[in-house]
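J.: Next input, structure requested:
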Amino acid sequence: MGARELGLPQHAPASGLPSRVTIWEVGPRDGLQNEKAVVPVEVKVEFLDRLAGTGLTVLEATSFVSPKWVPQLADAEELLGKLERRPGVRYPVLVPNGRGLERALVAGCTDIAIFASATETFARRNLNSGLDAQFDMFTPVMVSARDAGLDVRGYLSMCFGDPWEGPVPYGQVVAAGKRLLDLGCSRLSLGDTIGAATTGQVEGLLMAFADAGIGPERLAVHFHDTYGQALANTLTALRCGVSTVDSSAGGLGGCPYAESATGNLATEDLLWMLEGLGVETGVNLDELVATSVWLAERLGRPSPSRVVNALAR
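T.: Residues are numbered from 1 along each chain as shown. Next up is the predicted model:
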């Protein structure tokens, strides 16, 4: 008998968890950016609309990065021009620099995200900048964005390990994250870019942020599932008070600048766990599974999400 016939997940609430979790859906941007074949803009627009119909309220739509570096997202302006924004749904976009911010403002964006690195090597490979110099690059972007009334989220990559530098000290991550928050970011997303984190690391890093006066209400987590640890790491973060989780419908995604990074935590797998724990999200799991099946058909391969595969039989 399959999962659908059993009627799972059964509710078995656990203590020490937030009553509600906000899912920051990154599938349309982080999920699709690594696709080798260009996905038609019409498919991307429909994907976003279908996701909004599931009850997700934050959909990271695209990025204004240079088409030279991420050709998949070269259609950012066209996509946003064709997108019919739904009331109550936020559509943040990623901006790498001042030029990206200008494009976002022209496109009418109200929410943006900037991305930094917790390590020197990744900053140079991903941003063509150093660990310290990257913040000089972000400062004018932040000032202009805040002056324009935009909400700005900060992403911090390589928080739990770097393929070139190895383990990353908690203090180094906290220092970089604090600089992003001090610049004016409303929330900081801690990225396990290569999916190497373990639950003890997650707890240790969140405690280090707490010791620096930065509570879980200002943090989000972004786990990749390279070693199958994303759900366990997410649960640990929730027990530490974090209530915003990044995930990707169908488990799509990776990082074009880190070859060892595989897919993001699948939103459906996250939902299955949260529903079983009785944690509210406002998202309809069946509709989300149908959306990921629909997209998988257009990408020409099955979804890597275990929950999608279990429920779509």
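J.: In this protein, which residue is most central in space?
T.: For the chain, the residue whose C-alpha lies nearest the mean C-alpha position (Cα atoms, centre = their mean) is residue 246; its distance is 3.8 Å.
J.: which one is it nearest to, not counting chain neighbours?
T.: residue 222 (3.9 Å; Cβ to Cβ, 6 or more residues apart in numbering). The C-beta positions use only the backbone N, C-alpha and C, and glycine is treated the same way.
J.: mind checking the SS state of the one you found?
T.: Of the three states, residue 222 takes strand under DSSP: H, G, I helix; E, B strand; the rest coil.
J.: can you list contacts of whichever strand or helix holds the residue nearest to the centre of the chain?
T.: Assigned by DSSP states H and E, residue 246 belongs to strand 244-247. Residues from elsewhere that reach strand 244-247 (Cβ atoms under 8 Å, 6 or more residues apart in numbering): 21-26, 30, 187, 189, 219-223, 234, 237-238, 264-267, 269-270.
J.: Let's test this: mean pLDDT of it, rounded?
T.: The pLDDT scores in strand 244-247 average 98.
J.: Keep only those of the contacts of strand 244-247 that are in helices.
T.: Among these, the members found in helices (DSSP state H) are 234, 237-238, 267, 269-270.
J.: Closest one to residue 298 out of the residues you listed, please.
T.: Using Cβ to Cβ, residue 267 comes nearest to residue 298 of those, at 17.5 Å.
J.: Distance of that closest one relative to residue 25?
T.: 6 Å (Cβ to Cβ, to the nearest Å).
J.: swap in residue 59?
T.: Counting by Cβ to Cβ - residue 59 and residue 25 are separated by 5 Å.
J.: so what sits against both of these two?
T.: residue 51.
J.: on that earlier part again, quick one, which of the contacts of strand 244-247 are buried?
T.: Using 16 or more other Cβ atoms under 10 Å as the burial test, those include 21-26, 30, 187, 189, 219-223, 234, 237-238, 264-267, 269-270 as buried.
J.: can you pull out the helices in the stretch 151-300 of the chain?
T.: Assigned by DSSP state H, counting those that start in this stretch, the stretch 151-300 of the chain shows helices spanning 170-183, 199-211, 230-239, 267-277, 285-299.
J.: quick check: angle from the shortest one to helix 267-277?
T.: Between the axes of helix 230-239 and helix 267-277, defined by axes from the mean of the first three to the mean of the last three Cα atoms, to 10 degrees, the angle is 50 degrees.
J.: Please apply the same query to the longest one.
T.: Counting by the same axes, to 10 degrees, helix 285-299 lies at 170 degrees to helix 267-277.
J.: Heading C-terminal from helix 285-299, find the next helix or strand.
T.: Of the helices and strands lying after helix 285-299 in sequence (DSSP H and E), the nearest is helix 306-311.
J.: give me the low-pLDDT residue ranges for the stretch 201-313 of the chain?
T.: By pLDDT under 70, the low-scoring segments of the stretch 201-313 of the chain are 254-262.
J.: List the residues that contact residue 248.
T.: 25-27, 30-31, 263-267.
J.: and residue 149, what pLDDT?
T.: 96.
J.: Skipping its backbone neighbours, what lies nearest it in space?
T.: residue 110 (7.6 Å).
J.: so that neighbour touches residue 148, yeah?
T.: No - using Cβ atoms under 8 Å, residue 110 makes no contact with residue 148, being 9.1 Å away.
J.: which residues are common contacts for residue 267 and residue 25?
T.: 56, 247-249.
J.: wait, what's in contact with the residue nearest to residue 312 when sequence neighbours are not counted?
T.: Nearest residue to residue 312, sequence neighbours excluded (Cβ to Cβ, 6+ apart): residue 293, at 5.0 Å. Applying Cβ under 8 Å, 6+ apart, we find residue 293 in contact with 303, 308, 312.
J.: can you pull the contacts of the last one?
T.: Yep, that's residue 312 we're talking about. 289-290, 293, 303.
J.: Report the buried members of these.
T.: 289-290, 293, 303.
J.: how near is the spatially closest residue to residue 11 that is not a sequence neighbour to residue 143?
T.: Nearest residue to residue 11 in three dimensions, chain neighbours excluded: residue 278, at 5.0 Å (Cβ to Cβ, 6+ apart). Using Cβ to Cβ, residue 278 is found at 43 Å from residue 143.
J.: one step back: just put the shared contacts of residue 267 and residue 25 in JSON lines and tack on distance to residue 45.
T.: JSON lines is the format used below for the shared contacts of residue 267 and residue 25 (distance: Cβ to Cβ, whole Å):
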{"residue": "56", "distance to residue 45": "15"}
{"residue": "247", "distance to residue 45": "21"}
{"residue": "248", "distance to residue 45": "18"}
{"residue": "249", "distance to residue 45": "15"}
